[in-house]
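Asks: How does the following fold in three dimensions:
(one chain, ligands or ions: 2)
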Amino acid sequence: MSEIVNIQPDLAFKRELSHLSGSQLNQCMQCGNCSAVCSLAPADRPFPRKEMIWSGWGLKDKLIGNVDVWLCHQCGDCSSYCPRDVKPADVISGVRQLSYRHYARPRFLGKLLSEPAYLPLAIAIPLVVIIGILSLAGTFRIPEGPVDYSAFFPHGLLNGTFSAITLGFYLLAALGIGRFWKDMKRQCPPGESGMHRLPVFKVLGEILSHSSFSACGTRKGGKVAHMLLFFGFALLIMVTLYAIWATVTHHYPLPITNPFKILGNLASLMIYTGLGMMSWQRLRNKSVFGKSGYSDWLLLISIGLLTLSGSLVQLARFGDWSIAYHLYLSHLVAVWFVIMYLPFTKLGHIFYRTTALLYARSIGRK
Ligand code: SF4
Ligand code: SF4
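Replies: Numbers count the residues shown, from 1 in each chain. Ligands and ions are numbered 1, 2, ... in the order given. From the prediction side, this is the model:
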């Protein structure tokens, strides 16, 4: 009873959710078809019907910090079987988008990366920092002769500054994740058997195998595209870490025959293919893949630009292109956008979904 008294509708939240999802939330007639067809919903308190009722009432406090929102893998089956075309899959996705902003600390970072009006500022921040580093190092002049990135970009200073800022952003994100964990515990407390030890390896296996995507009935091909992007991105991070190490040990630049260089190019191919599939699916099959908003395209385009600029930087070095240094600058901005801003964009699902899976499995919610 006290729970009902304490929860307040938030109409601004409801309006925003409706806008993000493109859904007429009041059209839901609570038939429960969506929960019945969802192959990921647990038998006990299944989703997404209850979330649709809460959305219709604007119950932000029930939706943000709700573990089930993150168990959904946006397969779209519920939307396909909704008799009122209320698009529950897009509504749940909208709640996840609003969660990134809700948990962002400082709040400004959440706003910066969720509203198109702030895009110029989001690009200007890394540009100003990089130009500041170049000025500090006194290398702010394009060198003559064959392309040598290290003569223009002070790798030690750049890597050190980027690493420190990334660490700072991720520590700030950890504060948000901590609050998310508390909210999940409050909203979906452990049952009588309490919480079990965190099933880290089980959840890792679930993520790596993409087993939740296999249950998808409507969005065929989604699993393959996500796997290509996921493993391509992971490979690219590994290669980048090796490249940073190579700058420290002065084995940089890497020759084209270096195994890490070959792996990096393979990772780029995987990412291009995954991104191409995802973009094609979103553009060609809107009725099945739902509404694609700013955060969806920001993610796909920023990863695409990161990979493309990386490939061009490599070609420009081998071909001694005159725009090589400008390409490198744009690559650094793309690195900032994808890696440093990660917890505050849709890519933050890497942290939030993993945390939610750990919590759900530790309380026996399957
Ligand atoms: S979202 Fe659609 S399927 Fe789900 S309860 Fe509402 S009307 Fe029924
Ligand atoms: S999108 Fe798929 S996983 Fe998510 S609630 Fe709907 S049916 Fe379930």
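
Asks: Just give the nearest non-adjacent residue to whichever residue of the stretch 251-366 of the chain sits closest to ligand 1, would you?
Replies: Nearest to ligand 1 in the stretch 251-366 of the chain, going by Cβ to the nearest ligand atom, is Gly290, at a distance of 13.0 Å. Heads up, the C-betas are built off the backbone N, CA and C, glycines and all. Leaving aside its chain neighbours, Gly290 sits nearest to Asp90 (4.3 Å; criterion: Cβ to Cβ, 6 or more residues apart in numbering).

Asks: next helix or strand past whichever strand or helix holds that neighbour?
Replies: With secondary structure defined by DSSP states H and E, Asp90 is part of helix 88-103. Where DSSP H and E defines the elements, the next helix or strand beyond helix 88-103 is helix 107-112.

Asks: Now that next one: average pLDDT?
Replies: Mean per-residue pLDDT for helix 107-112: 93.

Asks: And the contacts of stretch 167-181?
Replies: Contact with stretch 167-181 is made by 65, 99, 103-106, 109, 340-344, 348, 351-352, 355-356, 359, as judged by Cβ atoms under 8 Å, 6 or more residues apart in numbering.

Asks: What are the buried residues along it?
Replies: Buried residues in stretch 167-181, defined by neighbour count with 16 or more other Cβ atoms under 10 Å: Phe169, Ala173, Gly176, Ile177, Phe180, Trp181.

Asks: Look up the pLDDT of Pro190 for me, please.
Replies: 89.

Asks: residue contacts, it?
Replies: If you count contacts by Cβ under 8 Å, 6+ apart, Pro190 has them with Ser362, Ile363.

Asks: Mind telling me what element it is part of?
Replies: Using DSSP H and E, Pro190 falls outside every helix and strand.

Asks: how near is it to ligand 1?
Replies: Remark: distance between Pro190 and ligand 1 (Cβ to the nearest ligand atom, to the nearest Å) = 28 Å.

Asks: try Arg96
Replies: Arg96 is 17 Å from ligand 1, by Cβ to the nearest ligand atom.

Asks: Test my guess that that residue contacts Val69.
Replies: Yes - Arg96 is within contact range of Val69, at 5.9 Å (criterion: Cβ atoms under 8 Å).

Asks: and the residue lying closest to Leu109 once chain neighbours are set aside, how far is that from Ala104?
Replies: Nearest in space to Leu109, with sequence neighbours left out and distances taken as Cβ to Cβ, 6+ apart, is Phe344 at 4.7 Å. Here Phe344 is placed at a distance of 5 Å from Ala104 (Cβ to Cβ, to the nearest Å).

Asks: Between the two, which contacts overlap?
Replies: Gly110, Ala173.

Asks: got a pLDDT number for Asn265?
Replies: pLDDT, Asn265: 94.

Asks: by contact count, what packs against the helix or strand where it lies?
Replies: Using DSSP H and E, the element containing Asn265 is helix 259-284. Using 3 or more Cβ pairs under 8 Å, 6 or more residues apart in numbering; DSSP states H and E as the contact test, the elements touching helix 259-284 are helix 222-248, helix 286-289, helix 294-319.

Asks: Buried residues in that helix, which are they?
Replies: When neighbours are counted by 16+ other Cβ under 10 Å, the buried residues of helix 259-284 are found to be 260-261, 264, 267-268, 270-272, 274-275, 277-279, 281-282.

Asks: ok, so of those residues, who is nearest Ile53?
Replies: Arg282 (28.0 Å; Cβ to Cβ).

Asks: Roughly how far does the closest one sit from Gly290?
Replies: Distance of Arg282 to Gly290, given as Cβ to Cβ: 8 Å.

Asks: quick revisit: pretty sure the residue nearest to Gly290 contacts Ser21?
Replies: Yes - applying Cβ under 8 Å, one finds Asp90 in contact with Ser21, separated by 4.0 Å.
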